[in-house]
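A.B. asks: Predicted structure and sequence below. I'll ask about it afterward.
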Amino acid sequence: MVRVVLVDDQELVRSGLRRILRRRDGFEIVAECADGVELPAALAAHPVDVVLMDLRMREVDGITATRRLAQDEDAPPVLVLTTFDDDEMLSGALRAGAAGFLLKDSSAEDLIRAVRAVAAGDSWLDPAVTGRVLSSYRTSTPAGPPAGDAAYETLTAREQEVLVAMAAGRSNSEIAQDLFISELTVKSHIGRIFTKLGLRDRPAAIVYAYDHGLVRPGQA
């Protein structure tokens with residue numbers, strides 16, 4: 001059962017999300033928040049696997065709430081869900097620590113897949129806007145440790161395969177199936193990729209792969 005907190009200032013939206021993320025399909029809506037300011041109390045009261053976060057709310061917006069949440073290493077991952085096709089806002093959500101984003105006009109099937117992916121430790125970047133958002137992310141994110149060609153060449157051949165697969169949107173379980181290895185091994189490879197390339201998280205690894213021509217928008 002994937003335990004979800006809904007954070008959205010529109011009751012109508014939360015109602016629609018409840019109808020999609022049903023218990024019979026393996027989801028439990030453990031709490032609902034009408035603003036980011038309510039999220040800490042909800043997390044303190046319930047075990048949570050995924051926070052489904054709106055961006056624009058009156059008191060504490062989604063980016064601020066995500067940034068605060070990311071300061072706790074044990075906090076659940078955040079999947080941003082928004083009606084706003086705003087590259088800067090979406091890249092801001094990634095910089096704040098979101099595991100991914102999905103536009104609200106996406107299909108119910110994509111929402112279900114995205115929530116499950118993020119709950120499993122993967123990321124989800126809506127392909128409709130990924131290329132533009134990553135471009136905005138790149139230009140507005142301070143450079144971290146050097147991650148040029150020399151750093152890439154420290155990766156083993158298998159780690160390079162995992163990086164490309166991850167950037168192409170494959171989940172850990174899919175990568176494991178593709179490469180005939182265990183999910184635990186995939187996670188170990190990803191951890192070493194982050195360390196060798198000086199990357200913070202999965203979205204940063206995806207940006208790196210796009211920057212170095214390892215994968216292109218729309219590639220799967």
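C.D. replies: Arrived safely. Numbering: from 1, shown residues only.

A.B. asks: Name all residues that make contact with the residue positioned nearest the centre of the chain.
C.D. replies: Centroid-nearest residue in the chain: residue 99, 1.9 Å away (criterion: CA atoms, centre = their mean). Taking CB atoms under 8 Å, 6 or more residues apart in numbering as the criterion, residue 99 is in contact with 77, 78, 79, 118, 122, 123, 124, 201, 202, 203. In this view, the C-beta of every residue, glycine as well, is placed from N, C-alpha and C.

A.B. asks: Let me have those residues in a markdown table, adding neighbour count as columns.
C.D. replies: Shown next, in a markdown table, are the contacts of residue 99 (neighbours: other CB atoms under 10 Å):
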| residue | neighbour count |
| --- | --- |
| 77 | 25 |
| 78 | 28 |
| 79 | 25 |
| 118 | 27 |
| 122 | 23 |
| 123 | 24 |
| 124 | 26 |
| 201 | 16 |
| 202 | 24 |
| 203 | 25 |
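
A.B. asks: pLDDT, distance to residue 107 and secondary structure added to these, as CSV?
C.D. replies: Shown next, in CSV, are the contacts of residue 99 (pLDDT from 0 to 100; distance: CB to CB, whole Å; DSSP: H, G, I helix; E, B strand; the rest coil):
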residue, pLDDT, distance to residue 107, secondary structure
77, 91, 21, coil
78, 93, 21, strand
79, 94, 15, strand
118, 90, 17, helix
122, 82, 18, coil
123, 79, 19, coil
124, 83, 13, strand
201, 77, 26, coil
202, 80, 23, helix
203, 74, 22, helix
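
A.B. asks: C-terminal to the worst-scoring helix or strand of the chain on mean pLDDT, what's the next element?
C.D. replies: Within the chain, confidence by mean pLDDT, DSSP states H and E is lowest for helix 130-140 among all helices and strands, at a mean of 58. Counting by DSSP states H and E, the element after helix 130-140 in chain order, helix or strand, is helix 149-152.
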